[in-house]
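> Requesting a structural model of the entry that follows:
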Amino acid sequence: MSQLTLSEVQMTAMTAAFQIFDKDQDGFVSFSEFGALWRSVMFNPTDKEVEKLIEEFPDAEARNSGMFNLEQFLKYADSKNDRWGQTKKDDLIDAFREFDYDGTGCISVPMLRLVLQTLGEKLNEEEADEFVEWAEGAKDVLLPDGKLHYENLIVAMQERDPKAQIF
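Numbering: from 1, shown residues only. The predicted structure is shown next:
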């Protein structure tokens with residue numbers, strides 16, 4: 001298989017998901033399962049986007065047969081990795097906006113701490129302190145009024161660990 005830019009975590013997750021959807025273990029998955037498979041590996045396309053993804057699938061023989069193999073799936077996912085990363089970034093921005101009550105593009109440090117400790121994969125107090133300290137020191141995140149610019153925070157998180165699974 002040619003060199004892919006997917007992280008090891010992404011490769012492992014996609015391979016495991018593919019194997020689950022390959023119900024008869026013949027090495028192929030039907031395009032009728034494509035949307036569910038794609039969603040199971042953290043992408044969240046609409047049904048219309050799934051149709052477009054299938055239309056754009058680069059292997060015409062696979063499209064015509066109605067089936068694709070793991071190598072084809074990984075190559076295609078790899079080619080879409082940047083696009084879906086942007087979608088994840090947009091999803092994070094939308095999530096932060098829910099706590100941006102005045103629409104300034106910023107949240108307070110106490111609000112960030114509350115979110116970190118009560119929603120999703122909850123951080124303990126020490127982990128939250130460590131993240132907030134890092135965020136306050138990240139480039140262009142902490143503003144003079146003491147609030148955090150969340151779009152810059154997301155950029156800083158990506159720069160800190162480009163292969164992180166936040167995107």
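> For burial, what's the neighbour tally of Pro45?
Neighbour count of Pro45, defined by other C-beta atoms under 10 Å: 17. For the C-beta atoms, the positions are set from N, CA and C on the backbone; glycine is no exception.
> swap in Asp140?
11.
> Can you give me every residue that contacts it?
Residues near Asp140 by C-beta atoms under 8 Å, 6 or more residues apart in numbering: 149, 152, 156.
> Then Trp38?
Residues near Trp38 by C-beta under 8 Å, 6+ apart: 45, 50, 53.
> returning to that earlier point: what's the closest of the contacts of Asp140 to Ala128?
Nearest to Ala128 among the contacts of Asp140 is Ala156, at 16.7 Å by C-beta to C-beta.
> Once you drop chain neighbours, what's closest to the closest one?
Nearest residue to Ala156, sequence neighbours excluded (C-beta to C-beta, 6 or more residues apart in numbering): Ala138, at 3.7 Å.
> Neighbours of that neighbour, how many?
So Ala138, with other C-beta under 10 Å, has 18 neighbours.
> where's Ile15 relative to Leu116, distance?
No Ile there; residue 15 is Thr. Between Thr15 and Leu116 the computed distance is 31 Å (C-beta to C-beta, to the nearest Å).
> Many thanks, have a good one.
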